[in-house]
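Q: structural data only, the sequence is not supplied:
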DNA sequence: ACTTTAAACGGACCACGGTCCGCTTGACCC
DNA sequence: GGGTCAAGCGGACCGTGGTCCGTTTAAAGT
């Protein structure tokens, strides 16, 4: 309900979208408006994020308490909640920084992931990239997911979704692109991958193959 | 970690599987061993489940507290936790009763869902059946999901998965049946469906179409 | 510099999930 | 019936996420 990293208190009216801009009904995630914090607030924000990732190296994500983060950053507990809304919000903020690298790779990086490769290739490359990224950060990702609905409001994940849907459109895959994008993303979901590799002993490589198989089956052309 | 509806305390060694039984590495879910509670425990169990579903009609699942359930059933709070392990366990137990109907439908019900229909038809019928079931109980289901890994340990969901994988094998769908079953199930996941229908205004009927499209694309034959 | 105001702060406070442990009781055997 | 003992019970207790509200302070205007 309360946005991540956004004050839970009433906001000024959100800046209206450009009237001339081509409005798809899919909200475009890249435009990120850092709501320009007050100087002390900004300072405390980075203080908190630093403290959190420092603590994180010393213990599992599950043991990270809001109070300990506040104490380690030398601020009050209320400040943490004011800044990040809730525990998941803090975890998501930590993740966000790392996610930026992945975003750069598929938005503006080199082929086959970036824009200079044909769409079908980008589609094939996307799954493995996500798989690697999620494997690296699975602990944090899993810890950040308490509300199953929350995902759909996380900007980074919406961006992935829109990007995938775009590639599906470009490759003329038949069927609803948004729905298929959800399905494809679900096939490399962190929780699923973690389950399959740790509980069922599945080879990560096998998962990449499965992604390619799925993309081919869905019928990417062009 | 602690099994749902199973004492968290150390157990006697689990009954060994029949030595001759054909062992697939997929644990078969249908065999359910109700660990035969003591008389008072069984009585309290139903008392608690009754109390919970009674309270549930008077408020949202989010407002159901363990203490209130215990009080409404006239037992101590510790008893609730002993029986169901944790909050999710209680919610899952409530769900389980309703899930039994769905299970009966696809395990032994009439065609096209039941065993008297050809596998491809059962495959097509499965998605809509799950969609309906999850729509009816979405509030409880969403409330029961706090740990994203928990799903893979829920017997009812493992049963769905194995059933789907079996149908995929019977219809000679190319690719890893277990993986494809996960993907198919994800495409009708409660959280996703709830998001699409409430936030994005998607027609439930459209989701059924998408299921059929997906199954066809995957290439079910026979 | 002085005023004003909304944002930010902090820590006391609350509710709920989950644990612990001493006591009780049902089930099984003799 | 009597004895044994693990299963069950209950509620005090604890830690943590999240809220509240009186106080402080950055920033923009005059």
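A: Great, that's in hand. This structure is a prediction, so every number in the text was calculated from the model and none was measured.
Q: quick check, distance from the helix ranked longest in chain A to the centre of its chain.
A: Counting residues, the longest helix found in chain A (DSSP state H) is helix A:87-108. Using CA atoms, centre = their mean, to the nearest Å, the distance from the centre of helix A:87-108 to the centre of the chain it belongs to is 6 Å.
Q: mind listing what's buried in the next helix or strand after it?
A: Once helix A:87-108 ends, the next helix or strand along the chain (criterion: DSSP states H and E) is helix A:119-136. By neighbour count on 16 or more other CB atoms under 10 Å in any protein chain shown, the buried set for helix A:119-136 is A:119-131, A:133-134. Backbone N, C-alpha and C define where each C-beta goes, glycine included.
Q: the next helix or strand after helix A:119-136 near DNA strand C anywhere?
A: Sequence order places helix A:138-144 as the next helix or strand after helix A:119-136, per DSSP H and E. No: against DNA strand C, helix A:138-144 shows no contacts by CB under 7 Å from any atom of the strand, the least distance being 14.2 Å.
Q: helix A:138-144: how far from the chain's middle?
A: On CA atoms, centre = their mean, the centre of helix A:138-144 falls 11 Å from that of its chain.
Q: which non-adjacent residue is nearest the residue most central in space within chain A?
A: Nearest to the mean C-alpha position of chain A, counting by CA atoms, centre = their mean, stands residue A:156 at 3.5 Å. Closest residue to residue A:156 apart from its sequence neighbours, by CB to CB, 6 or more residues apart in numbering or on different chains: residue A:99 at 4.6 Å.
Q: and the one you found, how far from chain B?
A: As judged by CB to the nearest CB, to the nearest Å, residue A:99 and chain B stand 18 Å apart.
Q: residue B:151 versus that residue, what's the distance?
A: In this structure, residue A:99 and residue B:151 are 24 Å apart, going by CB to CB, to the nearest Å.
Q: residue A:75 against residue A:46, yeah?
A: No: here residue A:75 does not reach residue A:46: they are 11.5 Å apart, not a contact under CB atoms under 8 Å.
Q: for these two, indicate the residue with more neighbours.
A: Using other CB atoms under 10 Å in any protein chain shown, the more surrounded residue of residue A:75 and residue A:46 is residue A:75, with 20 against 10.
Q: quick one: contacts for the more buried one?
A: If you count contacts by CB atoms under 8 Å, 6 or more residues apart in numbering or on different chains, residue A:75 has them with A:44, A:47, A:48.
Q: and chain A, which of its residues are near chain B?
A: Counting by CB under 8 Å from any CB of the partner chain, chain A comes close to chain B at A:25, A:142, A:145-146, A:148-149, A:151-152, A:174-176, A:178-179, A:182-183, A:186-187, A:189-192, A:194-196, A:199-200, A:206-207, A:210, A:213-214, A:217-219.
Q: what about burial for these, which qualify?
A: Using 16+ other CB under 10 Å, the buried ones in the residues of chain A next to chain B are A:142, A:145, A:148-149, A:151-152, A:175-176, A:178-179, A:182-183, A:186-187, A:189-192, A:194-196, A:207, A:210, A:213-214, A:217-218.
Q: looking at stretch A:160-180 now, give me its mean pLDDT.
A: On average, the pLDDT along stretch A:160-180 is 97.
Q: likewise stretch A:205-216?
A: 97.
Q: quick one: contacts of that stretch?
A: Counting by CB under 8 Å, 6+ apart, A:123-124, A:127-128, A:131, A:184, A:187-188, A:193, A:196-197, B:174-176, B:179-180, B:183 sit against stretch A:205-216.
Q: make it 10 Å
A: Contacts to stretch A:205-216, defined as CB atoms under 10 Å, 6 or more residues apart in numbering or on different chains, come from residues A:120, A:123-128, A:130-132, A:135, A:167-168, A:171, A:173, A:180, A:183-184, A:187-188, A:192-193, A:196-197, A:202-203, B:174-176, B:178-180, B:182-183, B:217-218.
Q: then stretch A:53-61?
A: With CB under 10 Å, 6+ apart, stretch A:53-61 has contacts from A:52, A:63-65, A:68-69, A:71-73, A:91, A:94, A:97-98, A:137-144.
Q: and for residue A:59, the neighbour number?
A: Number of residues near residue A:59 (other CB under 10 Å) recorded here: 11.
Q: DNA strand C contacts on chain A?
A: Residues of chain A lying near DNA strand C (CB under 7 Å from any atom of the strand): A:7, A:9, A:12, A:37-38, A:40-41, A:43-44, A:75-79, A:81-83.
Q: buried ones only from these, please, as a PyMOL command.
A: Selection of the buried residues among those in PyMOL, burial being defined by 16+ other CB under 10 Å:
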select buried, chain A and resi 44+75+79+81+83
